[in-house]
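Asks: Task: produce atomic coordinates for the following.
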Amino acid sequence: MIDHRLAPYAALTLRVALGVMFIAHAYLKLAIFTPAGFAGFLGQVGLPAFLAWPIILAELIGGLAILTGFYGRYVSIALLPVLLGALMVHAGNGWVFNASNGGWEYPAFLALTALAHGLLGDGALALKSARLPTLGAPAAA
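Replies: Modelled structure (predicted):
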């Protein structure tokens, strides 16, 4: 059962956590790994190095959009390929993310969190909420 009085605040909590995570990961790639270092990492795992900047910008801009609730649920869905790509990169490293080269549990959790946000919506205090198209038969007027 869903408590409809508190559900908007639950969605807000989920949205803030996910947005902050994306911003933190973009910052990590910019300030710690550096864009060149991240591009080198992508090359080592068999992905094109030119994806470094698009991934960094997607995480930064997407994180800000999610955090503020500016079409956040659409952004979470749009960022699923980035999270699924991270999941694929870390899949062979074992379960726990503190394993050598990072395991797959954290990227899997984030992908499911982004999916949950996309399904649930932006919640309270969103700048511009987005509605998903109605599935099934239209409701009676």
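Asks: pLDDT (mean, whole number) over the top helix by length along the chain?
Replies: Secondary structure of the chain per DSSP state H: the longest helix is helix 7-27. Mean pLDDT, helix 7-27: 98.
Asks: Show me what that helix is packed up against.
Replies: helix 52-68, helix 72-78, helix 105-120 (3 or more CB pairs under 8 Å, 6 or more residues apart in numbering; DSSP states H and E). In short, each C-beta sits where N, CA and C put it, glycine included.
Asks: what comes up buried for the longest one?
Replies: The reference is to helix 52-68. For helix 52-68, burial by neighbour count (16 or more other CB atoms under 10 Å) applies to 52, 55-56, 58-60, 62-68.
Asks: what would the helices and strands packed on helix 7-27 look like in JSON lines with mean pLDDT and distance to Ala10?
Replies: Compiled in JSON lines, the helices and strands packed on helix 7-27 are given as follows (pLDDT from 0 to 100; distance: least, CB to CB, whole Å):
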{"stretch": "helix 52-68", "mean pLDDT": "98", "distance to Ala10": "15"}
{"stretch": "helix 72-78", "mean pLDDT": "97", "distance to Ala10": "14"}
{"stretch": "helix 105-120", "mean pLDDT": "96", "distance to Ala10": "8"}
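Asks: Distance to His25 added to these, as JSON lines?
Replies: What follows is the helices and strands packed on helix 7-27, written out as JSON lines (distance: least, CB to CB, whole Å):
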{"stretch": "helix 52-68", "distance to His25": "5"}
{"stretch": "helix 72-78", "distance to His25": "14"}
{"stretch": "helix 105-120", "distance to His25": "9"}
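Asks: Since that was my last question, I'll sign off now.
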